[in-house]
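Participant: this one's structure only:
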């Protein structure tokens with residue numbers, strides 16, 4: 001069984017249309033009206049707290065719009081249904097990852113270069129005229145605290 005949210009082992013070196021699977025149970029944390037400057041602190045505090053519920057796949061971030069200016073953010077991990085019940089009992093927020101069509105592109109290397117990859121993905125999304133975007137997401141396939149910057153990978157996607 002592959003871990004939920006790992007769309008494929010090899011990186012998406014070109015923008016690629018995928019169908020996000022349904023029913024991926026997650027545990028999440030929400031932050032409203034945040035700025036890009038706040039992201040490191042939110043990730044550094046939120047991911048370890050959410051990891052207590054036994055992630056079965058990589059962490060992710062969902063953005064209500066482009067992560068510039070002020071935006072709303074959801075971070076989380078996929079978990080089992082049993083872990084979701086424990087998370088709810090502990091006051092955490094169980095949810096599901098969005099499903100349906102998305103355009104995806106992998107970012108390889110230090111995460112401080114995500115903006116460039118995101119702009120390339122959004123440009124391609126606009127060029128393909130895929131309709132209005134529902135959300136922007138990042139799936140972090142490497143932990144920056146345990147991997148060299150050159151070995152980092154995040155799959156960026158625009159769901160529509």
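Facilitator: Done, it's in. Because the structure is predicted, anything quoted here is derived from the model rather than measured.
Participant: What residues of stretch 41-59 count as buried?
Facilitator: Residues of stretch 41-59 classed as buried: 43, 46, 47, 50, 53, 55, 56, 57, 58, 59 (neighbour count, 16 or more other Cβ atoms under 10 Å). Bear in mind the C-beta positions are built from the backbone N, C-alpha and C, glycine included.
Participant: Ok, stretch 22-32 next?
Facilitator: For stretch 22-32, the neighbour count (16+ other Cβ under 10 Å) marks 24, 25, 26, 27, 28, 29, 31 as buried.
Participant: Need the contact partners of the helix or strand bottoming out on mean pLDDT in the chain.
Facilitator: None of the helices or strands of the chain scores lower by mean pLDDT, DSSP states H and E than helix 81-89, at a mean of 90. Applying Cβ atoms under 8 Å, 6 or more residues apart in numbering, the contact partners of helix 81-89 are 25, 27, 53, 54, 79, 93, 94.
Participant: Return the distance of it from the chain's centre.
Facilitator: Counting by Cα atoms, centre = their mean, to the nearest Å, helix 81-89 is centred 21 Å from the centre of its parent chain.
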